[in-house]
Structure formats: structure tokens, C-alpha cells
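S.K.: my questions concern the predicted model and sequence given below.
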Amino acid sequence: MKTLIVYYSYTNNNEALANVIREKLKCDILKIEEVKKRNGFTIALDLLFNRTPKIKASSSDVALYNQYVFIAPIWAGKIASPMRSFFIRDRFYISNYSFITLCGGQPGQKEKLVTSLTRLLGHEPGIVQELQINDLLPEDKRNTVKYTSGYRVQPGDMQKFNPAIDDFLNSVEALYELKRMTL
Ligand SMILES: Cc1cc2nc3c(=O)[nH]c(=O)nc-3n(C[C@H](O)[C@H](O)[C@H](O)COP(=O)(O)O)c2cc1C
């Protein structure tokens, strides 16, 4: 299995997650970068008008892989717009893929992510997993946008998500094996 991790991160939480997964998989990694870096205003415009920003050319040959792990934040229930730009540009190369996000956490969001990924890439994802900032916060700060959206990953946080990350990667591998055997 030749895997490529493709990630986007605005405030580095998902970059920390991507680095942990890369360490575990020892595979290639591709960072999505906008031509013009997002800010609060351009993020709001992207969301309001369903825009996708221009992104830089990929440093890896995306077509060379047979498994993709996508990692990006969620903004207002949607996958961050630069990642959507990548999907629109490179979707023809993508066969087997899974998605994991370090996001604030909202009930019912995962189902919407599956629907959105299927629409954007033209076929269903393998495994979709949310790691929730809510789980890092004290009870009185959970489910409050100010705290979930403002949170920056601290040393030791990724350790807390380690079992969930391992579950995700084991499921990705098991699904890949199953598909390979049934082909
Ligand atoms: C404008 C904005 C909207 C957000 N909306 C959601 C949301 O709908 N659901 C969610 O779970 N998290 C939401 N978040 C939280 C981010 O997904 C979370 O902060 C993420 O870890 C940021 O990742 P990054 O540091 O890699 O950019 C939002 C954050 C921002 C800035």
C-alpha cells in the first residue's frame, strides 16, 4: 500500500495531527497551501459564497499513490475551503481515501462530512474520524465556539488522541486489505 497524507491546517492543530500520522505510517506527506493565506475575513467569504481559494501546485505527484489520508479542519460544518480546492483539482487521481480532522466537535457533523466528501470526490470515503477539541476542554468550556475554535494544540494533547488515531489507522488498513482481497 503506497499512502500519501494530504493536509491543510490554518492554525497548526491539524498539522500536529498530520505529523503524528506521518510518524506512524512513515509515508509521504503533502501540505496544501493557498496562493494567498486565509484570514478571518476570507474564511468568512469562502463560507458565505461557497468559494474555494487558489492553491499552490503540489510538490508530490498525487497520481502515484493508491491510498490517501486527508486531514483538515472543519469550518462552519464544512471541510476547510483549501482542502476542497484540492479535491476539486485532483479528484480524478483519488481512489481509496479516508479523512480525519481535529475539529471543535459538533453532534451529527460526521454524517455531513461523509456526504460532503462523497459529493466532492465522486465516491464514498473509507473511514471518517473526528478528534474533538471538546474532549480536551474542561466541562464548563465544551461546546462553546470561543473555546473550541480558539484552542491551539498543546504539548501532550496528541498523546490523549493516540488510541483514537491508532483505531483510525487500523480501520484504514483493514478496509484496504478487505478491498484488495475482494478485487
Ligand atoms: C471559522 C471557524 C469555524 C469553525 N467551525 C467549526 C465547526 O463547524 N465544527 C467544528 O467541529 N469545529 C469548527 N471549528 C474549529 C476548528 O475546526 C478547529 O479549531 C481546528 O482544530 C482548527 O484546525 P487548524 O489549527 O488545523 O486550522 C471552526 C473554527 C473556525 C476558525
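M.R.: Good, I have the coordinates. Numbers count the residues shown, from 1 in each chain.
S.K.: pretty sure Gly105 sits in a helix.
M.R.: No: counting by DSSP: H, G, I helix; E, B strand; the rest coil, Gly105 is not found in a helix; it is coil.
S.K.: tell me the confidence at it?
M.R.: Looking at Gly105, its pLDDT reads 94.
S.K.: against the ligand, how distant is it?
M.R.: Distance, Gly105 to the ligand, by CB to the nearest ligand atom, to the nearest Å: 5 Å. No exception for glycine: its C-beta is placed from N, CA and C like everyone else's.
S.K.: my read: that residue touches Leu136, true?
M.R.: No: Gly105 is beyond contact range of Leu136, at 9.7 Å (criterion: CB atoms under 8 Å).
S.K.: determine the longest helix present in the chain.
M.R.: helix 157-182 (DSSP state H).
S.K.: look up the closest residue to the most centrally placed residue in the chain, ignoring the ones flanking it.
M.R.: In the chain, the centroid-proximal residue (CA atoms, centre = their mean) is Ile71; its distance is 2.1 Å. In space, and not counting its chain neighbours, Ile71 is closest to Tyr7: 3.9 Å by CB to CB, 6 or more residues apart in numbering.
S.K.: go on, Glu33?
M.R.: Lys56 (4.7 Å).
S.K.: how many residues are close by that neighbour?
M.R.: Taking other CB atoms under 10 Å as the criterion, the count of residues near Lys56 is 11.
S.K.: that one: what's it in contact with?
M.R.: Taking CB atoms under 8 Å, 6 or more residues apart in numbering, we find Lys56 in contact with Ile32, Glu33, Glu34, Val35.
S.K.: out of the residues you listed, who has the most neighbours?
M.R.: Ile32 (23 neighbours).
S.K.: shouldn't that residue be in contact with Phe86?
M.R.: Yes: contact criterion CB under 8 Å: Ile32 and Phe86 qualify, at 5.1 Å.
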